[in-house]
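Undergrad: Based on what follows, work out the 3D shape:
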Amino acid sequence: MRYGKPPTELPGLSIREQGQCVVVLHQGAGSTLDHFLRGPLERLGGRLLELDSAVAPAEEVPRILRDAGQVVVVRYLPRSWLRVLSAARRAGVRLLYLMDDDLLDPTLLEELPLAYRRRVRERITWQRRRVPALFDQIWVTSPVLEARYAPLGALRLPLRPHSSLLEERPRVQLAYLGTSVHTREFAWLRELLRRLQERQPHTHVDLFGDLSINRQFRDLPRLRILHPMRWPSYLAETGPGRVDVLLTPLLESPLNAARAPVKFIDAARCGAAGLYSDRPPYRGFIRHGVDGLLLGDQPQDWLEAIEHLIHDVPARHRLAEACRQRALRLSRGEPEEGNPAAGEGEDR
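TA: Numbering: from 1, shown residues only. Got it, this is the predicted structure:
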C-alpha cells in the first residue's frame with residue numbers, strides 16, 4: 001500500500017491563535033504523540049497539555065477542557081472519563097479520537113495475551129459503540145485502519161516524526177553492576193540517581209536487578225533495569241564501549257569489607273572511569289585521581305564527581321585508560337608500581 005498524504009495533517013483540528021492549548025488524554029502513549037501529533041501541532045502554532053486518562057478526572061478538569069476547546073483522546077476511553085467528556089461535548093468542546101491499533105473490533109483481540117486483552121477491553125473495546133456519537137472526528141494511523149473505519153469517517157494522519165526524535169544527542173552512559181543482594185546500596189543510589197537525572201539531560205543509567213529493583217527505580221527517566229543473566233551474556237552486555245562511568249558504592253558492613261576489588265576489572269573491561277566508595281576493598285587499592293576516584297558516603301560528593309567527569313571528557317578518558325592499563329598489568333602478573341595494596345603512592 002502507498003502512504004499518500006491526507007488532505008490536511010490534522011483534519012478537524014484548528015488553531016485559532018498562536019500557542020492555543022490542545023488537551024491530550026493518554027496513558028503513556030508518548031510514541032504515538034511524537035510520531036503523529038506533536039510535530040504537526042507545533043507547526044500549526046499549538047501546544048499540547050497532556051493528561052493521564054488512567055487517573056479519574058480531577059475537579060478542575062471540566063474547566064480545563066472548556067478553556068482548551070479541543071481534546072484528543074489517544075487509544076483509550078476509560079469509563080471514569082465518559083461523563084466529563086460527554087459534558088464537554090455538550091458545552092461545545094471539539095473531541096477527536098486517535099487510534100493507532102484496531103482497538104474497537106473485539107474479534108481481533110483473541111490473538112493478544114490474556115492480560116493485555118483484558119486491559120484493552122476495559123479501557124476502550126467495551127466502550128466502542130460510544131465512539132461514533134461522542135467524537136467529532138476519528139483519526140487513524142494506517143491505510144488498513146482508514147479503510148476499515150471509513151464508514152465512521154476515519155481519516156489517516158501522516159507519519160510525521162517530531163524533529164527531536166532525529167536529533168543527535170550527547171550521551172553519557174553510567175552503570176551500577178551490583179546484584180540485587182546489595183539492597184542498601186540500591187536504596188542509597190536511588191536519591192543520587194534521582195538528582196542526577198533531574199540535573200543532567202544526557203545521562204543514561206543501567207542497573208541489574210529483579211522486579212523489586214524495577215519497582216524501586218522505574219519512575220526515573222533514562223534508566224534501564226536489566227535482568228540478571230549468565231556470565232557470558234553479562235560480559236557481552238557490559239563489554240568495551242558500553243559504559244562511560246561505572247558507579248561502585250559499597251556501604252560499610254563486614255560482608256562488604258571482605259570483598260575483593262573486582263569492580264575495578266569491570267571498569268577496565270567497559271573502558272569506564274570508576275567511582276568507588278572510600279573503604280575496603282577499594283581504599284588502598286584504587287589510586288585516587290589516577291585510575292579511579294574514591295568517594296565518601298555523601299550523595300552530593302558523588303553527584304559532583306559524576307558531573308565533573310561528564311564535562312571534563314579528557315579527565316574521564318585518562319581515568320579509564322589508566323584503569324585499563326593497570327588491569328592489563330595485573331593480567332600479566334606484573335608487579336604493581338608503588339605497591340598500592342600497602343596504601344603507598346596516590347592511594348587513599
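Undergrad: From here on, just use CA atoms for contacts and neighbour counts.
TA: Noted.
Undergrad: Helices of the stretch 101-250 of the chain, residue ranges please.
TA: Using DSSP state H, counting those that start in this stretch, the helices of the stretch 101-250 of the chain run over 114-123, 131-134, 143-148, 183-199, 211-217, 231-237.
Undergrad: pLDDT score assigned to Ala341?
TA: pLDDT recorded at Ala341 is 45.
Undergrad: follow-up on the earlier one: and the helices of the stretch 101-250 of the chain as CSV, adding distance to Tyr76?
TA: Putting the helices of the stretch 101-250 of the chain into CSV (distance: least, C-alpha to C-alpha, whole Å) gives the following:
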stretch, distance to Tyr76
helix 114-123, 5
helix 131-134, 11
helix 143-148, 16
helix 183-199, 30
helix 211-217, 24
helix 231-237, 36
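Undergrad: Report the separation between the residue most central in space within the chain and His204.
TA: The C-alpha lying nearest the average C-alpha coordinate of the chain belongs to Arg222 (C-alpha atoms, centre = their mean; 3.9 Å). For Arg222, the distance to His204 equals 5 Å [C-alpha to C-alpha, to the nearest Å].
Undergrad: Then Ser163?
TA: Ser163 is 21 Å from His204, by C-alpha to C-alpha.
Undergrad: Which one's more surrounded, those two?
TA: His204 (20 against 11; other C-alpha atoms under 10 Å).
Undergrad: measure that one to Pro221 for me?
TA: 8 Å.
Undergrad: for the chain, which spans come out with low pLDDT?
TA: Scanning the chain for pLDDT under 70 picks out 1-8, 338-348.
Undergrad: Show me the domain layout of it.
TA: According to automatic domain parsing, the chain comprises the domains 21-165, 170-342.
Undergrad: Mind putting those into CSV with distance to Glu9?
TA: What follows is the domains of the chain, written out as CSV (distance: least, C-alpha to C-alpha, whole Å):
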stretch, distance to Glu9
domain 21-165, 6
domain 170-342, 31
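Undergrad: my read: Met245 touches Ala268, true?
TA: Just to correct that, residue 245 is Val rather than Met. No - counting by C-alpha atoms under 8 Å, Ala268 is not a contact partner of Val245; they are 10.8 Å apart.
Undergrad: wouldn't Tyr176 be in contact with Leu250 here?
TA: No - applying C-alpha under 8 Å as the test, Tyr176 and Leu250 come out as separate, 11.0 Å apart.
Undergrad: Compare these two (neighbour count), which wins?
TA: Between Tyr176 and Leu250, counted using other C-alpha under 10 Å, Leu250 has the larger neighbour count: 24 against 19.
Undergrad: Got phi/psi on the more buried one?
TA: Reported as degrees, to the nearest 10, the phi and psi values for Leu250 are phi -140, psi 110.
Undergrad: Could you do Ile310 as well?
TA: Backbone phi and psi, for Ile310 under degrees, to the nearest 10, turn out to be phi -60, psi -40.
Undergrad: Contact partners for it?
TA: Val172, Arg316 (C-alpha atoms under 8 Å, 6 or more residues apart in numbering).
Undergrad: Could you report the neighbour count for Val290?
TA: 17.
Undergrad: Which strands and helices lie in contact with the lengthiest helix in the chain?
TA: Longest helix in the chain, counting residues (DSSP state H): helix 313-332. Here helix 313-332 touches helix 263-270, strand 273-277, helix 299-311, going by 3 or more C-alpha pairs under 8 Å, 6 or more residues apart in numbering; DSSP states H and E.
Undergrad: Please determine how far the residue lying closest to Pro249 once chain neighbours are set aside is located from Pro221.
TA: Spatial nearest neighbour of Pro249, excluding adjacent residues (C-alpha to C-alpha, 6 or more residues apart in numbering): Ser277 at 5.0 Å. Separation of Ser277 from Pro221 (C-alpha to C-alpha) stands at 25 Å.
Undergrad: Counting neighbours, go ahead and name the busier of these two.
TA: Using other C-alpha under 10 Å as the criterion, Ser277 and Pro221 rank with Ser277 on top: 20 against 15.
Undergrad: For Arg326, see how far away Ile306 is.
TA: 22 Å.
Undergrad: Which of the two has more residues huddled nearby?
TA: Neighbours were counted for Ile306 and for Arg326 using other C-alpha under 10 Å; Ile306 has more, 22 against 18.
Undergrad: List the residues that contact that one.
TA: Applying C-alpha under 8 Å, 6+ apart, the residues contacting Ile306 are Val245.
Undergrad: Apply 7 Å and report the result again.
TA: If a contact means C-alpha atoms under 7 Å, 6 or more residues apart in numbering, then Ile306 has no contacts.
Undergrad: Which positions in stretch 291-311 come out as buried?
TA: By neighbour count with 16 or more other C-alpha atoms under 10 Å, stretch 291-311 contains the buried residues Asp291, Gly292, Leu293, Leu294, Leu295, Asp297, Pro299, Trp302, Ile306, Leu309, Ile310.
Undergrad: Pull the distance from it to the chain's centre.
TA: 23 Å (C-alpha atoms, centre = their mean, to the nearest Å).
Undergrad: And stretch 101-115, by the same measure?
TA: Worked out by C-alpha atoms, centre = their mean, stretch 101-115 lies 27 Å from the chain centre.
Undergrad: how about it as CSV, C-alpha atoms only?
TA: Extracted in CSV, the C-alpha atoms of stretch 101-115 (Å, rounded to 0.1, in the frame of the first residue of the first chain):
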residue,chain,number,x,y,z
ASP,A,101,-4.2,-0.1,16.6
ASP,A,102,-7.5,-1.7,15.9
LEU,A,103,-8.9,-1.4,19.4
LEU,A,104,-12.6,-1.4,18.5
ASP,A,105,-13.1,-4.8,17.0
PRO,A,106,-13.4,-7.4,19.8
THR,A,107,-12.8,-10.3,17.4
LEU,A,108,-9.2,-9.1,16.8
LEU,A,109,-8.3,-9.2,20.5
GLU,A,110,-8.2,-13.0,20.7
GLU,A,111,-4.7,-13.2,19.4
LEU,A,112,-3.4,-10.9,22.2
PRO,A,113,-2.1,-12.2,25.5
LEU,A,114,-4.8,-12.6,28.1
ALA,A,115,-3.8,-9.8,30.5
